[in-house]
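Engineer: I'd like to go over a predicted model; first the sequence, then the structure.
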2 protein chains.
Amino acid sequence: MKEHANGNGNGNDQVVFEIGVVIPRRVVQVKDESFECAHVLVQEFQKVGFVVERVIGIADEFIKLAAPLETLGRAAAALQIKKRTHIGMDLQFEVEEVEAFVKQPDGSVFSWFERFQCYCHLINGIVNNSDSVITLEFDGEQIYWEIGECLLQKLESENVVKQVFPLHDEKKRKTLLRSWAFHWWDLTNQPIDDIYSYYGSKIAIYFAFLGMYTRWLLFPAVFGLTLQFIDFGSLKLVVFPAFFIMVILWAVMFSQFWKRKNAALLARWPVSPAVEDDPEYMTPGRKGCSLQPPMELIKVFETDKVKGKEVFRRYEWFGRFMRFRNDAIVIFSIICLQLPFELAYAHLFEVASSDTIKFGLTAIYLCAIQYITKFGGKVCVRLIKYEDNENTEKRADSLVYKVFGLYFMQTYIGVFYHALLHRNFSTLRKVLIQRLLLSEVLENLVENSVPYLKYTYKKYRVRRKKKKEKGESREKIQFTSRVEKEYLKPSYSASIGEELEDGLFDDFLELALQFGMIMMFACAFPPAFAFAAVNNIMEIRTDALKLLAILRRPIPRAAATVGAWLNIFQFLTVMSICTNCALLAWLYDEEGKWKIEPGLAVILIIEHVLLLIKFGFSRLVPEEPAWVKANRAKHTIQAQDMCSKKLLRTISGGEKKFHLVKKLE
Amino acid sequence: MKEHANGNGNGNDQVVFEIGVVIPRRVVQVKDESFECAHVLVQEFQKVGFVVERVIGIADEFIKLAAPLETLGRAAAALQIKKRTHIGMDLQFEVEEVEAFVKQPDGSVFSWFERFQCYCHLINGIVNNSDSVITLEFDGEQIYWEIGECLLQKLESENVVKQVFPLHDEKKRKTLLRSWAFHWWDLTNQPIDDIYSYYGSKIAIYFAFLGMYTRWLLFPAVFGLTLQFIDFGSLKLVVFPAFFIMVILWAVMFSQFWKRKNAALLARWPVSPAVEDDPEYMTPGRKGCSLQPPMELIKVFETDKVKGKEVFRRYEWFGRFMRFRNDAIVIFSIICLQLPFELAYAHLFEVASSDTIKFGLTAIYLCAIQYITKFGGKVCVRLIKYEDNENTEKRADSLVYKVFGLYFMQTYIGVFYHALLHRNFSTLRKVLIQRLLLSEVLENLVENSVPYLKYTYKKYRVRRKKKKEKGESREKIQFTSRVEKEYLKPSYSASIGEELEDGLFDDFLELALQFGMIMMFACAFPPAFAFAAVNNIMEIRTDALKLLAILRRPIPRAAATVGAWLNIFQFLTVMSICTNCALLAWLYDEEGKWKIEPGLAVILIIEHVLLLIKFGFSRLVPEEPAWVKANRAKHTIQAQDMCSKKLLRTISGGEKKFHLVKKLE
């Protein structure tokens, strides 16, 4: 335990710096360093137990932090982090009993998420413990560090610490680049365990989802291409419904089997309860950890059961009502504000005579939706503040649902309009090809080039500033320190605002919109599945490259499921049952007479049967593989039996005491 | 602990006999009683710790058993019964720590289900422990009790013990009669906690469900009656859809709020895990207790994780496949065999000219369906034997689904036929009134009179037999002993066979068929809800009377939820969305032209919206009240924290040993 091992604990003694603190370079040089801000900070970091390295960059100075296992263990015990033990139960971490806890897949004791929690706890735990105010100096100015004040927050408020951000682990990053981002020939296979170790569960789950989705896509892609290139002649009227039914069954099975896959992944990774967030995978005890009604409520409940129940009920229903109100507001404003706008654009575009007008219209529209989406996102974030969701991930889910409503309207209303207006498949197909190609290719381009351009621009600005200061303009300034380069890289953030979601929002959104596009108009354009499959195979590697090379290392997130997005996928599946039925009805009703013929009746029956299958299938295939269940059950029983007797004694002892107290009263 | 308290433990020392053993009266009188069967049996019972009373009846002899708390406690500890403790965790019962466990609502330590388990364990635990065969005498014959053989099984196989059955507790029965069965003016209120104490959770849940369902029915009943008696004139076309929408929303809310009510009831009663069966209310650990893959599987899993996973997967999918195959067989045979038969009857009845033919037809039909239902039930029971459902209650649920399919066809196909054929509401209404009145009134009559007639006939037979034996015919023989009367009472058994379900099957079936009838044709006949409400208010009391006065005390069952029936209710709700839409379409399409008019479009939209609400509502209102969740969470965390350290030490100790062993190898 005492050896100076690295936090990752994988045997070698090389220290891995995982957190960077940015301080601007100072102009004034002080002689006595003992009260100089950066110096004090470094000293305090060392006191806490960090391994510290100072790097002087071109524009800023950086303090790199690494935590040995010892330091992390201390922080984890202080944080009362619950970790998976070998009997499967999650127990509070204790340094002495480190052997009892399950190691991460890469052999380390703590996951990246846990390490990050510990770093945060340690950094924010540096307070002025002396009994007098300490005067710090920074660039000639004086900063008063009050008693009991957190040093880092003080320095951040004084703009001395510009940022604290997680650092890439060069060695692992390079390994991943080789084994993941540049491993094109693997198609959908990815080293998910390594991704989990490096990026945490949420990002690993995204890539596992993307991989499985793409693998599954290959099947309808082949079917769709067959439909496109082989002429079925008079069988055409039967082939399209068959394709539609097949695609829906495919989607239903996909979402159920994904749940199983997710459960299997969670069983493989020792994800601790604080990390699990989806109620699907939580035992009741854990659920309770995340559900946090105000402490007063719990106290009321303990003193008076009947009154407590009443209070709880009121609290619960008020929460429900607020959430319902917010959803109603969002749905109402989407239907009343966004829908007319989108329809107006689609209609104007349709009736516009010249290409110039069309072009102008599109330009105005694109500007407007940028603004609308931003605004909508902000409104949603504000609305969510009035909800009391159980935890951050729930809140993020709530945001995702609301914002997805916006994007849903924006993406599909135009297509629906065209489908309804022209009532013929060739026009609809053209629109779909346009949209698919445009959105996929453009988005992939934007997604990857914008961060790179940002990074380049930032580097350029720093260089220019430096040159101005120095007054020299001959030689090019090189960024020698890696940490400074990383600091200039953009972070992995969502387009709708950084408060609740990170860049995963955009990645999932792209997937969901693609899924909706190919599913909802499956009958109209079967080869769309092939488009999507090819695009996703590329997406896997470009996303990997983006995360590894272009962006900073993201802050790890707690959730270990896809969260709201799976529900959105399921919603899109249900929607596509309805829309495809409508499309088929239009297809068979070529005269536009709106007559119920046997054809329409058949379509209605198909629709209802498919809806039945959609909602019945989850009963047929359980969400959790049997071996995961059996494994966990065995462990839990083991644990219960182990401490059963001791617990009983404690409880009955407590009860006796309780009765005694009652009698004395 | 040592006091000779009764098993119910409610303070008074009066012994309550809860089990009766029936032995035929002997002809041959023996002098030496020490090897006489009944005498040995009584002695063995006393040795185990029972309080025994022998009663000589007219035709048989009875041994009544009561178990003091001490005896029960010993049996419970031997059975390793898991019971709710004060910290909310379920732990194995131990006699010394009895204070740690939550008392039943009536103040006793064990619930009726647990007591029954203990009785069974104790009775079946009487084996020949001596080292030689014991020769028993019975009515002149000799019975050899082998070493290690179970006495009761031996005697049962030799027809010495005719039956072992649970006895009514006279005092409690009378209290319940007064407070429950004869308490008409309470309408839907019932002393559910007392019912739970006396009959166990499954029956109490049935009555709680019936009560809540009836209470909720009052609302659509009033609306339905309004629709019937007030003439809305031209508004009629709007009022019916409004009623339909209201009724569907009502049903959706009912099923969700019932789940909450059920969760609240389970929180109030300390139901132990073995008793809980529905996955909805089980923590994973408990789930594991009930899921029992063969022990070999678990062993394989422990030795080789990868191979074990594979084996588990194969095992799981094989189970799924068998269940799927069975369901497919049932659905297929219902559609291919039963549907044509039902349609043929409905059609023949329609085209029959004279009333005599109609009457004859109905008679033949009624005989035939009796036979068909019995046969179908038997086939289902046989099919289920090939499924490996996790436990008895799951198996019973699987049976319920299958048999309900039969009844569903049988009940509704005729009505559908009429609706489709005549396409006018007045004929449909007539059919509905016929069916409702007929089924409700007839079934209530049959349900209550048949057991009573059976009982009377049995008494008569015993008397006749006795008279023949004695040769006297003047004085009427009176049944003096209560236990003999109870023995002659019929048991609470299902009409489809006694293997998996008891009488609750018929009671729930009646409710479900009624629910289907009033919901699926809600638009055609709104006052049906009032019919149903009145009928159910009567049903509550007649069912109570049946259980308390006419039948034997039922054997308690493990489940504490409605089980399969709630899913059937939900299925019927979805069905009724579709059927009512079809009815409305027919209503608006009076000319029979099958044209899609705006009306039909509106109906289709309403249908889809309602389906959306049906499946979305469960996300809006959680199945478990917040206070139940909070309460449980608090307890679990408490328990985990309590034994966290000890557990850790054990685990890490074990791990160290494990590593050592590995190294040594």
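Structural biologist: Perfect, I can see it now. Note that this is a predicted model, so its numbers are computed, not measured. Residues are numbered from 1 along each chain as shown, chains lettered A, B, ... in the order given.
Engineer: can you pull the contacts of the residue of the stretch 101-250 of chain A found nearest chain B?
Structural biologist: Of the residues in the stretch 101-250 of chain A, the one nearest chain B is A:Phe101, at a distance of 8.2 Å by Cβ to the nearest Cβ. (Glycine included, C-beta is placed from N, CA and C.) Contact analysis of A:Phe101 by Cβ atoms under 8 Å, 6 or more residues apart in numbering or on different chains lists A:83-86, A:93, A:109, A:270.
Engineer: and it, backbone torsions?
Structural biologist: Per-residue torsions, A:Phe101: phi -100, psi 150 (degrees, to the nearest 10).
Engineer: beta partners for it?
Structural biologist: The bridge-partner assignment for A:Phe101, based on DSSP bridges, gives A:Thr85.
Engineer: ok, back up a step: turn the contacts of A:Phe101 into CSV, including pLDDT and neighbour count.
Structural biologist: Listed next are the contacts of A:Phe101 as CSV, based on pLDDT from 0 to 100; neighbours: other Cβ atoms under 10 Å in any protein chain shown:
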residue, pLDDT, neighbour count
A:Lys83, 81, 25
A:Arg84, 79, 21
A:Thr85, 76, 25
A:His86, 73, 18
A:Phe93, 83, 28
A:Val109, 86, 22
A:Pro270, 78, 19
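Engineer: Need those residues in TSV (columns: distance to A:Leu445).
Structural biologist: What follows is the contacts of A:Phe101, written out as TSV (distance: Cβ to Cβ, whole Å):
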residue	distance to A:Leu445
A:Lys83	42
A:Arg84	42
A:Thr85	48
A:His86	48
A:Phe93	45
A:Val109	42
A:Pro270	39
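Engineer: ok so A:Phe165 is a strand residue?
Structural biologist: Yes: the assignment for A:Phe165 is a strand, going by DSSP: H, G, I helix; E, B strand; the rest coil.
Engineer: could you list every residue that touches it?
Structural biologist: Residues near A:Phe165 by Cβ under 8 Å, 6+ apart: A:19-20, A:22, A:486-487, A:491, A:552-553.
Engineer: I'd like to know which of those are part of strands.
Structural biologist: Counting by DSSP state E, the part of these found in strands is A:19-20, A:22.
Engineer: Also near chain B: which of those residues, exactly?
Structural biologist: The subset of those within reach of chain B, by Cβ under 8 Å from any Cβ of the partner chain, is empty.
Engineer: Turn these into a markdown table, including neighbour count and pLDDT.
Structural biologist: A markdown table is the format used below for these (neighbours: other Cβ atoms under 10 Å in any protein chain shown; pLDDT from 0 to 100):
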| residue | neighbour count | pLDDT |
| --- | --- | --- |
| A:Ile19 | 22 | 91 |
| A:Gly20 | 24 | 92 |
| A:Val22 | 19 | 91 |
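Engineer: With respect to chain B, which of those residues is nearest?
Structural biologist: Among the ones in strands among the contacts of A:Phe165, and counting by Cβ to the nearest Cβ, the member closest to chain B is A:Ile19, at 28.9 Å.
Engineer: doesn't A:Trp112 make contact with A:Leu72?
Structural biologist: No: contact criterion Cβ atoms under 8 Å: A:Leu72 and A:Trp112 do not qualify, at 11.5 Å.
Engineer: quick one, which of those two is more surrounded?
Structural biologist: More crowded of A:Leu72 and A:Trp112, by other Cβ atoms under 10 Å in any protein chain shown: A:Leu72, with 28 against 25.
Engineer: residues of stretch A:408-421 that come out buried?
Structural biologist: Neighbour-count burial for stretch A:408-421 flags A:408-419 (criterion: 16 or more other Cβ atoms under 10 Å in any protein chain shown).
Engineer: can I get these in CSV with pLDDT and secondary structure?
Structural biologist: CSV is the format used below for these (pLDDT from 0 to 100; DSSP: H, G, I helix; E, B strand; the rest coil):
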residue, pLDDT, secondary structure
A:Phe408, 89, helix
A:Met409, 86, helix
A:Gln410, 84, helix
A:Thr411, 84, helix
A:Tyr412, 87, helix
A:Ile413, 85, helix
A:Gly414, 82, helix
A:Val415, 84, helix
A:Phe416, 84, helix
A:Tyr417, 83, helix
A:His418, 79, helix
A:Ala419, 78, helix
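Engineer: and of those residues, the nearest to A:Ile540?
Structural biologist: Of all these, A:Thr411 has the smallest distance to A:Ile540: 22.3 Å, by Cβ to Cβ.
Engineer: pretty sure A:Ala558 belongs to a helix, no?
Structural biologist: No: with three-state DSSP as the criterion, A:Ala558 is located in coil rather than a helix.
Engineer: Is it correct that it is in contact with A:Trp112?
Structural biologist: No: A:Ala558 lies out of contact with A:Trp112 (Cβ under 8 Å); the separation is 11.8 Å.
Engineer: For the closest residue to chain B within the stretch 401-550 of chain A, I want the exact helix or strand it lies within.
Structural biologist: Nearest to chain B, among the residues of the stretch 401-550 of chain A, is A:Tyr401, at 10.2 Å (Cβ to the nearest Cβ). Assigned by DSSP states H and E, A:Tyr401 falls within helix A:392-422.
Engineer: repeat for A:Glu53
Structural biologist: strand A:51-56.
Engineer: Neighbouring strands of that strand in the sheet, and parallel or not?
Structural biologist: In the sheet, strand A:51-56 lines up with strand A:60-66 (antiparallel) (DSSP bridges).
Engineer: Just give the nearest non-adjacent residue to the residue nearest in space to the middle of chain A, would you?
Structural biologist: Centrality entry for chain A: nearest residue to the mean C-alpha point is A:Leu504, 4.5 Å, by Cα atoms, centre = their mean. In this structure, A:Leu504 finds its nearest non-sequential neighbour in A:Tyr206, 5.6 Å apart by Cβ to Cβ, 6 or more residues apart in numbering or on different chains.
Engineer: hang on, the one you found packs against A:Phe508?
Structural biologist: Yes: if you go by Cβ under 8 Å, A:Tyr206 and A:Phe508 touch, sitting 6.8 Å apart.
Engineer: joint contacts of those two?
Structural biologist: Joint contacts of A:Tyr206 and A:Phe508 (Cβ under 8 Å, 6+ apart) are A:Val562.
Engineer: Neighbour count for these two, which is higher?
Structural biologist: Applying other Cβ under 10 Å to A:Tyr206 and A:Phe508 shows that A:Phe508 carries more neighbours, namely 24 against 21.
Engineer: which element is the more buried one on?
Structural biologist: Applying DSSP H and E as the criterion places A:Phe508 in helix A:504-520.
Engineer: Please apply the same query to A:Thr71.
Structural biologist: Per DSSP H and E: A:Thr71 is located in helix A:69-79.
Engineer: backbone phi and psi for A:Cys120, please?
Structural biologist: phi -60, psi -40.
Engineer: Quick check: chain neighbours aside, which residue is closest to A:Phe508?
Structural biologist: Spatially, and ignoring its direct neighbours in sequence, A:Phe508 is nearest to A:Trp565 (4.8 Å; Cβ to Cβ, 6+ apart).
Engineer: before we move on, which element is that neighbour in?
Structural biologist: In the assignment (DSSP H and E), A:Trp565 maps to helix A:564-588.
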